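>>> Could you work out the structure for the sequence below:
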Amino acid sequence: MPRFPLVRLATAVVILAVFAVVRPALRADYAEDVYKLDLKLLEDAKVPHTDADLIDFFRKRLIKESERERIEGLMKKLSSKAFKEREQASADIINEGPPALPLLRKLIKSNVDLETKRRAEKCVQSIEAKSPSTHVMAAARVLKYRRVEAACPVLLEYLAVAPDDVVEEEVFAAIYGLGLSGAKLAVLPPAVKAGTLNPLLVESLKDKEPVRRAIAALVVGCYGNDAQRGQVAALLTDKESAVRFRAAQGLVCGHDSRGLPVLVELLDKGPMNLALQAEDLLSLIANEKGPNAPLGESAELRKKCHDAWQEWYNTNKATFDLAKVQVDSPFGSLAARASAGATQFIRAIIKQDTKLLSKVTAVPFTFAGIMTFNTRQELDSFIEMITKERPGADNQIQFVIRKVVPAAEYIKTAPEQDRGFLESARLVQIHVVYVDIQEGGPQNVAIPLYIRISGGQARCLGFGSPQVKND
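A predicted model of the protein is given here:
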């Protein structure tokens, strides 16, 4: 058992004691809860949010050719020899607003002098302060929740200027939810009841922008007919790895095994973020009967993982039937699995079940940045100590899972000690499950749980700083 300052140990015990008296109450209206939170976020930021307003919200972030030329001209002045001209250029670019962001980010990544890069970064910070990415993601979720199918074209256009992978993923999820006209989708997990595939997505399979080909491949692979899935299968050899992954993912979700070899290939040759997602999808398909060769950072571990899964595929491909495999949608399933992992963790604490807690947790494990266990032995020793006696409580406490967000989104506004832990982790694997705990009074305690989804399993890595809300 590691030595820790007494105050830290006591704080951790208090936090766990809160959980120990929690009574599970996962709400059925999860989607409505998220929708209400998103509306409040937009209202607080004074962002108009009728259907037409939100479509216009995204349209204003697109770059017209005339705007591109004007903004590029201003950016050239950022490196002017005249200080006043550089200052004026910075102010003018900030006034351009969100359409300038993709060009500014491209400039920052280019080979420019340090002062120009710093000026561009300050412009990005100023623009994002007025219109942060959280508003963009909330707007996308609201459009999806309301089933505003007219938003699909502008969301497709917006993908080419999305500021980062987190925003892109949220817009992907919105397009996926709007890809079927007349469809009714449940949120956990999205299950198609009826609908007609949006022809614009079929057309987008040949789009010059890789990001549009990618989302089109995903949706058409899931819901297209045999001929359309044939077009998706052609993208399994696309030059862009993200397109190949989404094509494989879409086909697999549509019970078409042609995508499996690409998932195996990405374990060794794809970018690490795609390799992790490919491993997770393969593990779900294998249903705990896959190889025991976890993906690692080194080339040696990646090849070992790839070779093990290649052997698994070669052994099973002749008899494998994806129709019998429960592969949920690529977006709802992650939220559902993260929520399930969080619920399982809380129930393990309620039961004071040492063995179950060991099973549903993973290291490194943190208590709101106050204390972190880096080895399994340290964490198990602490779990054993803390579960010897069940903490008492005067009140019955209920918890409600309010929403699930990628860790990369959460980290942008997280307290410093929480960021320190998450920045050393693989953010692409982690989702943050917001759990509201109410003790019967006017105050609610909100606790963000860190859930890592890897190898087909959801494991808790601890939780962030509890927040008291006066609702």
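>>> In which helix or strand does the closest residue to L62 other than its chain neighbours reside?
Excluding the flanking residues, the one nearest L62 by CB to CB, 6 or more residues apart in numbering is E157, at 5.5 Å. Heads up, the C-betas are built off the backbone N, CA and C, glycines and all. Mapping E157 onto the secondary structure by DSSP states H and E places it in helix 152-158.
>>> Let me know the pLDDT of P5.
For P5, the pLDDT comes out at 44.
>>> So V262 sits against L235, correct?
No - contact criterion CB atoms under 8 Å: V262 and L235 do not qualify, at 9.6 Å.
>>> Mutual contacts of the two, please.
Residues touching both V262 and L235 by CB atoms under 8 Å, 6 or more residues apart in numbering: 244, 247.
>>> So which bits of the helix or strand harbouring A227 are buried?
Using DSSP H and E, A227 falls within helix 226-234. Within helix 226-234, the residues scored as buried using 16 or more other CB atoms under 10 Å are 228-229, 231-233.
>>> Report the residue ranges of every domain in this structure.
Residue ranges for the domains of the chain, per automatic domain parsing: 6-32+331-470, 49-130, 133-324.
>>> Span of the last one from start to end?
To tie it back to what came earlier, the one meant is domain 133-324. 39 Å (CA to CA, to the nearest Å).
>>> my guess is the residue nearest to L62 meets R61, correct?
No - here E157 does not reach R61: they are 9.3 Å apart, not a contact under CB under 8 Å.
>>> ok, now how distant is D207 from L200?
To L200, D207 is 10 Å away according to CB to CB, to the nearest Å.
>>> Which of E157 and R61 has more residues huddled nearby?
Legend: neighbour count by other CB atoms under 10 Å for E157 and R61, higher for R61 (21 against 16).
>>> Which residues are in contact with the residue lying closest to the more buried one once chain neighbours are set aside?
Once flanking residues are discounted, R61 sits nearest to P98: 4.4 Å by CB to CB, 6+ apart. Taking CB under 8 Å, 6+ apart as the criterion, P98 is in contact with 60-61, 127, 131.
>>> Can you select the buried ones from the residues you listed in ChimeraX?
Of these, the buried ones go into a single ChimeraX selection, burial set by 16+ other CB under 10 Å:
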select :61,127,131
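>>> Where in this protein is the helix or strand with the lowest mean pLDDT?
strand 22-23 (a mean of 41; mean pLDDT, DSSP states H and E).
>>> Next secondary structure after that one?
Next element after strand 22-23 (DSSP H and E): helix 30-44.
>>> For that following helix, which helices and strands make contact with it?
Helix 30-44 sits against helix 133-145, strand 397-406, with contacts defined as 3 or more CB pairs under 8 Å, 6 or more residues apart in numbering; DSSP states H and E.
>>> ok, 10 Å please
helix 51-59, helix 133-145, helix 332-351, strand 397-406, strand 430-438 (3 or more CB pairs under 10 Å, 6 or more residues apart in numbering; DSSP states H and E).
>>> And D207, what's its pLDDT?
At D207, the model reports a pLDDT of 97.
>>> what's the neighbour count on the closest residue to it other than its chain neighbours?
Excluding the flanking residues, the one nearest D207 by CB to CB, 6+ apart is R213, at 5.3 Å. Neighbour count of R213, defined by other CB under 10 Å: 22.
>>> before we move on, back to that, quick one: pLDDT of the residue nearest to L62?
95.
>>> likewise the one 5 residues further on?
pLDDT, A162: 89.
>>> how close does it sit to F172?
Distance from A162 to F172, by CB to CB: 9 Å.
>>> residues shared between the contacts of the two?
The contact sets of A162 and F172 overlap at 140, 155, 211 (CB atoms under 10 Å, 6 or more residues apart in numbering).
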